[in-house]
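[1] quick one: sequence and predicted model below, then my questions.
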Protein chains: 2
Amino acid sequence: MLTVLEATDVAGVIADACCAPLVREPLSADEAEQLATTMKALADPARLRLLSIVAASEGSEACVCDLIEPVGLSQPTVSHHLKVLTTAGFLERSKRGTWAYYKLVPGALDRVSQLLAP
Amino acid sequence: MLTVLEATDVAGVIADACCAPLVREPLSADEAEQLATTMKALADPARLRLLSIVAASEGSEACVCDLIEPVGLSQPTVSHHLKVLTTAGFLERSKRGTWAYYKLVPGALDRVSQLLAP
DNA sequence: CCGACGTATCGATGGTTGTCAATATCGACT
DNA sequence: AGTCGATATTGACAACCATCGATACGTCGG
């Protein structure tokens, strides 16, 4: 855990006009490692469901208590997955009172999408 | 290993005009499982490098012998990763003589890209 | 101040997976 | 047939990861 990466430069690689980075030229070892880290965050069914539930919520925002029952996992496990998604830059956390709200980071998914195809 | 999925319907989910499936409505357990399987194939640095090398080759095609040295892994390991990518629908294999050529499946990456963002 | 509640962290555990060496398979060439 | 070269499969092992129960942390209401 905790191979971090920043939210705004999803994998340190930018798509140009021609082609997506993946198919333009061979990835370096470092680039591949970073992209893989990002993809790993999306390579889990629980996390994908969490993302989609958050996305479909009011204001693309949901609190942990609303997420536990839909995904059918324990509260610690849900908390863990949310942390992974946050660390990967897909979600951002804001605490209001006792509750923690998770919100989609605008453009984060789009950037990953752009890395794969033009 | 060997949780398969077909090439042409990347995750059994189709993007519509409005939103990508991921952000449109909550994914079902099955949909999430299938999408996760697809993403897992892309969540490894060696496989990403293999994909990018194949993509950057003549005719988006390369034989195994050309891939071993660039990624710096053993031949069996490379063969394994190529199989994973093929099973996931990203590559297709064609044997010519002693050599096995792997080629990008047109549109496969694009479909995954569409699943993540409009 | 104390109990109740929502959330995060910790420790343990079972399952998955990336890797390699060894071996099998298959095609080509003599 | 026999050998060699390219690729795939097998078996084993270490590292990683998803999950849970137990617990700690913070915040609100009495």
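    Okay, I see it.
[2] hey, let's count contacts and neighbours off CA atoms from now on
    Will do.
[3] gap between residue A:52 and chain B?
    Relative to chain B, residue A:52 is positioned 5 Å away (CA to the nearest CA, to the nearest Å).
[4] give the contact list for that residue.
    B:22-27 (CA atoms under 8 Å, 6 or more residues apart in numbering or on different chains).
[5] do residue A:22 as well
    By CA under 8 Å, 6+ apart, the neighbours of residue A:22 are A:115-117, B:48, B:51-52, B:55.
[6] how many neighbouring residues does residue A:25 have?
    A count of nearby residues for residue A:25, using other CA atoms under 10 Å in any protein chain shown, gives 17.
[7] centre of the chain versus stretch A:101-118, how much separation?
    On the basis of CA atoms, centre = their mean, to the nearest Å, stretch A:101-118 sits 7 Å off its chain's mean C-alpha point.
[8] any weak-confidence spans in chain A?
    The model of chain A has pLDDT under 70 over residues A:1-18.
[9] again, only this time at 80
    Residue ranges of chain A with pLDDT under 80: A:1-20, A:118.
[10] tell me how far the residue nearest to the spatial centre of it lies from chain B.
    For chain A, the residue nearest the mean C-alpha position is residue A:90 (3.0 Å; CA atoms, centre = their mean). According to CA to the nearest CA, residue A:90 and chain B sit 12 Å apart.
[11] Provide the backbone phi and psi angles at that residue.
    For residue A:90, the backbone dihedrals are phi -90, psi -30 (criterion: degrees, to the nearest 10).
[12] wait, it sits on residue A:105?
    Yes: with contacts counted by CA atoms under 8 Å, residue A:90 reaches residue A:105, the gap being 5.4 Å.
[13] pull out the buried positions in stretch A:84-92.
    A:84-92 (16 or more other CA atoms under 10 Å in any protein chain shown).
[14] again, but for stretch A:93-107
    A:93, A:101-105.
[15] those residues: which two are farthest apart?
    Among the buried residues of stretch A:93-107, the pair separated by the greatest distance (CA to CA) is A:101 and A:105, at 12.4 Å.
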